[in-house]
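[1] generate coordinates for the sequence data below:
(one chain, ligands or ions: 1)
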Amino acid sequence: MMEIANAANGENGGTSYEEAKKLADDIMARIKCRPVVGIICGSGLGELANMVTDTEIMGYEEIPGFPVSTVPGHAGKLVFGQLGGKPVVLMKGRVHFYEGFTMQKTALPIRIMKLLGVQILIVTNAAGGINQEYEIGDLMIIKDHINMPGFAGMNPLHGQNDERFGPRFPAISKAYTKRLRDHAKTTAKSLGFEGFRIHEGVYCMLAGPSFETVTECKFLNMIGVDVTGMSTCPEVVVAAHCGMEVFGMSLVTNKVVMQYDSEQVANHEEVLETGALRSKDLQKLVAAMLTTLEIKSQP
Ligand SMILES: O=P(O)(O)O[C@H]1O[C@H](CO)[C@@H](O)[C@H]1O
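    Residues are numbered from 1 along each chain as shown. Sure thing, here's the model as predicted:
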C-alpha cells in the first residue's frame with residue numbers, strides 16, 4: 001500500500017518519504033549541525049546568513065533531487081550553524097513555483113528540514129504592499145495567508161498522502177502560531193524598533209512570475225489581503241502538515257500599482273534594492289527572536 005502511495009507521490013512531482021529520508025541522511029552524513037530551526041530567506045534577504053556562526057555550507061546543486069534556485073537574489077545555499085544560540089539551517093535563497101517546479105518540489109526542502117530535526121520554520125519574503133497604509137520598507141508579521149494557486153488545485157499536498165509526513169486533512173488555520181507572533185512583537189519592542197513600522201496582516205500568494213494587474217490588486221485589497229508575493233504558501237502548508245510551528249515575515253519592498261494609468265510599474269530591481277536597505281533590521285529581529293525563543297516541541 002505504501003509503495004502505491006509513494007509511486008503516486010512520485011508521479012505527481014513529489015518525492016517519496018524514502019527518497020526524502022535518504023536525502024536527509026546524506027546531508028547528516030556530511031554536516032555536523034543538527035538544526036532545530038529552519039529559516040527561508042526571501043528575495044534580497046539572504047544576508048541573514050552572514051549572522052550565522054560555525055557555518056557548514058552546501059550548495060543546492062550538491063544535493064541530488066534538491067530544487068536549485070534560478071532567480072537573482074537567491075544564492076541557492078543551505079547554511080548550517082548557530083544563530084541566537086540555536087542550531088539552524090538557513091536557505092539562502094528559495095525556489096518558486098513559477099521557476100517550473102511543482103508545488104511539491106517547491107516545498108521539498110521543508111520535508112528535508114523536518115527529517116533533519118527542524119521543529120520551527122521561520123519564513124521571510126519580499127512582497128508588494130496592497131494595504132494602502134503600508135509603506136515601502138515596512139515589515140509585516142504574517143497572521144494568515146491566502147494560497148491563491150490552491151484555489152485552482154495547486155496545493156503541495158495534492159496527491160496520495162503519506163502519514164509519516166502528516167495527516168490527509170491538516171488544519172492550516174493556526175499555521176502562523178500566536179506564540180511566535182507574540183514573541184516577534186515583544187522582541188521588536190525590546191529592540192526599540194519604535195518608529196520602525198511593523199504590522200500584522202495577511203499574505204497572498206499568486207503564482208507569478210508576472211506581477212499583478214491593477215484590477216487583480218484592487219481585488220486582493222477588497223478581499224482583505226495586505227501584501228502579495230509569489231512564494232511562502234507552499235512551504236508553510238507543508239510545514240504545518242508535518243507539525244512544525246511557523247513564523248512568517250514579509251518585507252514590503254514596493255507598493256503595488258492601484259491606478260489604471262499610473263506611470264509606475266512593479267520590478268524585481270526595486271524589490272532587491274529595498275531588501276538590501278532593510279535587511280539589517282530584519283536580521284536583527286530574527287537573531288534576537290531566536291536568542292529568547294523557547295523550543296517547545298519534540299521532533
Ligand atoms: O517571495 P520571495 O522569494 O521573497 O520573492 C518575491 O520577489 C520576487 C519578485 O520580485 C518574487 O519571487 C516574489 O515572490
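
[2] only C-alpha atoms from now on, for both contacts and neighbour counts.
    Will do.

[3] just the strands in the stretch 101-250 of the chain please.
    Taking DSSP state E, counting those that start in this stretch as the criterion, the stretch 101-250 of the chain carries its strands at 120-129, 139-147, 198-205, 227-229, 245-255.

[4] of these, which is nearest residue 295?
    strand 120-129 (7.9 Å; C-alpha to C-alpha).

[5] give me the mean pLDDT for that closest one.
    Across strand 120-129, the average pLDDT comes to 96.

[6] and if you look at stretch 140-149?
    97.

[7] can you show me the CA trace of that stretch as PDB?
    Only the C-alpha atoms of stretch 140-149 are listed here, as PDB (Å, rounded to 0.1, in the frame of the first residue of the first chain):
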ATOM      1  CA  MET A 140       4.600  42.600   8.300                       C
ATOM      2  CA  ILE A 141       4.200  39.700  10.600                       C
ATOM      3  CA  ILE A 142       2.100  37.200   8.700                       C
ATOM      4  CA  LYS A 143      -1.000  36.200  10.700                       C
ATOM      5  CA  ASP A 144      -2.600  34.200   7.800                       C
ATOM      6  CA  HIS A 145      -2.300  33.600   4.100                       C
ATOM      7  CA  ILE A 146      -4.400  33.000   1.000                       C
ATOM      8  CA  ASN A 147      -2.900  30.300  -1.200                       C
ATOM      9  CA  MET A 148      -4.400  31.500  -4.400                       C
ATOM     10  CA  PRO A 149      -2.900  28.800  -6.600                       C
END
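
[8] quick one: buried residues of stretch 172-179?
    For stretch 172-179, a neighbour-count test (16 or more other C-alpha atoms under 10 Å) marks 175, 176, 177 as buried.

[9] which one of those residues is nearest the ligand?
    For the buried residues of stretch 172-179, the residue nearest the ligand by C-alpha to the nearest ligand atom is residue 176; the value is 16.7 Å.

[10] next, count neighbours for residue 117.
    18 (other C-alpha atoms under 10 Å).

[11] shouldn't it be in contact with residue 36?
    Yes - with contact defined as C-alpha atoms under 8 Å, residue 117 reaches residue 36; the gap is 5.6 Å.

[12] read off the pLDDT value for the nearest residue to residue 46 once chain neighbours are set aside.
    Leaving out its chain neighbours, the residue that sits closest to residue 46 by C-alpha to C-alpha, 6 or more residues apart in numbering is residue 92, at 5.0 Å. pLDDT recorded at residue 92 is 92.

[13] what bridges to residue 92?
    Counting by DSSP bridges, residue 92 forms beta bridges with residue 77.

[14] that one: how many residues sit nearby?
    28.

[15] flag the shaky bits of the stretch 151-299 of the chain, pLDDT-wise.
    Flagging of the stretch 151-299 of the chain using pLDDT under 70 yields the residue ranges 194-196, 297-299.

[16] change it to 50
    299 (pLDDT under 50).

[17] which residues of the stretch 1-150 of the chain lie near the ligand?
    Residues of the stretch 1-150 of the chain lying close to the ligand (C-alpha under 6 Å from any ligand atom) are 42, 43, 94, 125, 126, 127.

[18] buried ones in the lengthiest helix in the chain?
    Longest helix in the chain, counting residues (DSSP state H): helix 268-291. For helix 268-291, the neighbour count (16+ other C-alpha under 10 Å) marks 268, 271-272, 274-276, 278-279, 281-290 as buried.

[19] which ones are touching the residue sitting furthest away from the middle of the chain?
    Residue distances from the centre of the chain (C-alpha atoms, centre = their mean) peak at residue 261, which lies 33.2 Å from the mean C-alpha position. Not one residue lies near residue 261 by C-alpha atoms under 8 Å, 6 or more residues apart in numbering.

[20] would you say it is within a strand?
    No - assessed by DSSP: H, G, I helix; E, B strand; the rest coil, residue 261 does not belong to a strand; its assignment is coil.

[21] just the helices in this structure please.
    Going by DSSP H, the chain shows helices at 2-11, 17-30, 103-106, 108-116, 148-151, 178-190, 214-222, 233-241, 268-291.

[22] to residue 69, which of these lies closest?
    Closest among these, using C-alpha to C-alpha: helix 103-106, at 9.9 Å.
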